[in-house]
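1. need coordinates for the following:
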Amino acid sequence: MLKERFDLITHLQESLKAFEEEHGIKPQAVVLSPAAFSWLVTVFHEDERYFGVSPVDFERWVFHTNTSSVKIIIDETADNFEVRVL
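-> This next block holds a predicted model:
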């Protein structure tokens, strides 16, 4: 039996898309746990190194999607790998 793997990037993208579909507006921010943010930094720094692009603007703390750009907020009280969309 294969154990299902958690994919934070897919979860983040699906959460943003679901928010937009449910509320009919583009999300303004994504709230991440410190662990989730740390993981995204690691993954997207590698993308930037290998492909020359990253969906995260680390200087402005903004995550770019196909349809919008959202501010990244870190919540120190959030559970590991928690993602909330505002």
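
2. quick one: what helix or strand has residue 84 in it?
-> Element membership for residue 84 (DSSP states H and E) is strand 83-85.

3. I misspoke; the intended subject was residue 39.
-> helix 34-51.

4. other SSEs contacting that helix?
-> Secondary-structure packing of helix 34-51 (3 or more C-beta pairs under 8 Å, 6 or more residues apart in numbering; DSSP states H and E): helix 8-23, strand 56-57, strand 69-74. C-betas here are computed from N, CA, C, even on glycine.

5. 10 Å instead?
-> In terms of contacts (3 or more C-beta pairs under 10 Å, 6 or more residues apart in numbering; DSSP states H and E), helix 34-51 is packed against helix 8-23, strand 29-32, strand 56-57, strand 69-74, strand 83-85.

6. out of the ones you listed, nearest to residue 44?
-> Taking C-beta to C-beta, strand 56-57 is the member of those nearest to residue 44, at 4.8 Å.

7. identify each buried residue in the helix or strand following that closest one, please.
-> The helix or strand immediately downstream of strand 56-57 is strand 62-64, counting by DSSP H and E. Residues residue 63 are the ones in strand 62-64 that count as buried (16 or more other C-beta atoms under 10 Å).

8. follow-up on the earlier one: buried ones in the helix holding residue 39?
-> Quick answer for helix 34-51 (16+ other C-beta under 10 Å): 36-37, 39-40, 44.

9. and it with helix 8-23, angle?
-> Relative orientation of helix 34-51 versus helix 8-23 (axes from the mean of the first three to the mean of the last three C-alpha atoms, to 10 degrees): 110 degrees.

10. spatially central residue for this structure, please.
-> Among the residues of the chain, the one closest to the centroid is residue 12, at 4.5 Å (C-alpha atoms, centre = their mean).
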